[in-house]
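Novice: A structural model of the following input is requested.
(chains A and B)
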Amino acid sequence: AQKVTQAQTEISVVEKEDVTLDCVYETRDTTYYLFWYKQPPSGELVFLIRRNSFDEQNEISGRYSWNFQKSTSSFNFTITASQVVDSAVYFCALKGDKLIFGTGTRLQVFP
Amino acid sequence: EAGVAQSPRYKIIEKRQSVAFWCNPISGHATLYWYQQILGQGPKLLIQFQNNGVVDDSQLPKDRFSAERLKGVDSTLKIQPAKLEDSAVYLCASSLDGRSNEKLFFGSGTQLSVL
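Specialist: This is a model prediction of the structure:
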């Protein structure tokens, strides 16, 4: 069975703080994909990043970075120097035979 | 490039009534998905179409939910009769050809309230 756990329900930070969103997954598949999506108040989910199970290289994109560790089945997402526009719900997702989403972490960035 | 279009944006109905949602995916996208997102939860796949054929409807409550994608473009999702627990946001998404590593493009959703 596949499962995605986002233990942090809600995080509040002040602008310019760094924040890390945790994601832990479970799967028996040897080939799978991990995703992060952002859901702003407007409602549509926006793709942020994709990782396949064979690529443990960390990635940085501007203020965003992702840390994938197969040994701990984690795919954590860090926002550096957070901004008010980062306020949204962030979903981690796992794709084996199906795409399974976690329950999301609501990030509130206060000015 | 136009995104995934959904309508209506909001819908309020009473239990046992019927309701329909419409989705127009991104032009050229062969794969279309309907997700149900209950408040405080992640989206859950209801049905996946590849062109006009159903790929996965294992989590669709078929006694009350139905969906179609005639001509392999637009899609409608119907609930009849609605129950209180159907209150949720219904998200439509599309992707180019349904490969495992594809990113999905989502619409803004239809927020359904069943009273």
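
Novice: Using the three-state scheme, assign residue 97.
Specialist: Going with chain A. coil (DSSP: H, G, I helix; E, B strand; the rest coil).

Novice: Show the backbone phi and psi for the spatially closest residue to it that is not a sequence neighbour.
Specialist: Residue nearest to residue A:97 in three dimensions, not counting chain neighbours: residue A:29, with 7.4 Å by Cβ to Cβ, 6 or more residues apart in numbering or on different chains. Where you see a C-beta, it was placed from the backbone N, CA and C, and this is true even at glycine. When read as degrees, to the nearest 10, the backbone of residue A:29 gives phi -70, psi 150.

Novice: likewise the one 3 residues further on?
Specialist: For residue A:32, the backbone dihedrals are phi -160, psi 170 (criterion: degrees, to the nearest 10).

Novice: So the residue nearest to residue B:8 when sequence neighbours are not counted versus residue B:71, what's the distance?
Specialist: Excluding the flanking residues, the one nearest residue B:8 by Cβ to Cβ, 6+ apart is residue B:110, at 5.9 Å. Going from residue B:110 to residue B:71 by Cβ to Cβ, to the nearest Å gives 21 Å.

Novice: With neighbour numbers in mind, choose between those two.
Specialist: Set residue B:110 next to residue B:71 and count neighbours by other Cβ atoms under 10 Å in any protein chain shown: residue B:110 wins out with 23 against 9.

Novice: can you count the residues close to residue B:9?
Specialist: Counted with other Cβ under 10 Å, residue B:9 comes out at 11.

Novice: I'd say residue B:33 and residue B:102 touch.
Specialist: No - Residue B:33 lies out of contact with residue B:102 (Cβ atoms under 8 Å); the separation is 10.8 Å.

Novice: Settle it for me: which of the two has more neighbours?
Specialist: Each of residue B:33 and residue B:102 has its neighbours counted (other Cβ under 10 Å); residue B:33 has more, 26 against 19.

Novice: And the particular helix or strand that has residue A:91 in it, what's buried?
Specialist: Per DSSP states H and E, residue A:91 falls inside strand A:88-95. Of the residues in strand A:88-95, A:88-95 count as buried by neighbour count, 16 or more other Cβ atoms under 10 Å in any protein chain shown.

Novice: If we only consider these, which is nearest to residue B:11?
Specialist: Of all these, residue A:89 has the smallest distance to residue B:11: 21.7 Å, by Cβ to Cβ.

Novice: For the helix or strand bottoming out on mean pLDDT in chain A, name the packing helices and strands.
Specialist: Least confident helix or strand of chain A, by mean pLDDT, DSSP states H and E, is strand A:59-61 with a mean of 85. Helices and strands touching strand A:59-61, by 3 or more Cβ pairs under 8 Å, 6 or more residues apart in numbering or on different chains; DSSP states H and E, are strand A:46-52.

Novice: hang on, the earlier thing: joint contacts of residue B:33 and residue B:102?
Specialist: Residues within reach of residue B:33 and of residue B:102 at once, by Cβ atoms under 8 Å, 6 or more residues apart in numbering or on different chains, are residue B:95.

Novice: if we can go back for a sec, the residue nearest to residue A:97: what's it in contact with?
Specialist: So residue A:29 contacts A:2, A:53, A:96-97 (Cβ under 8 Å, 6+ apart).
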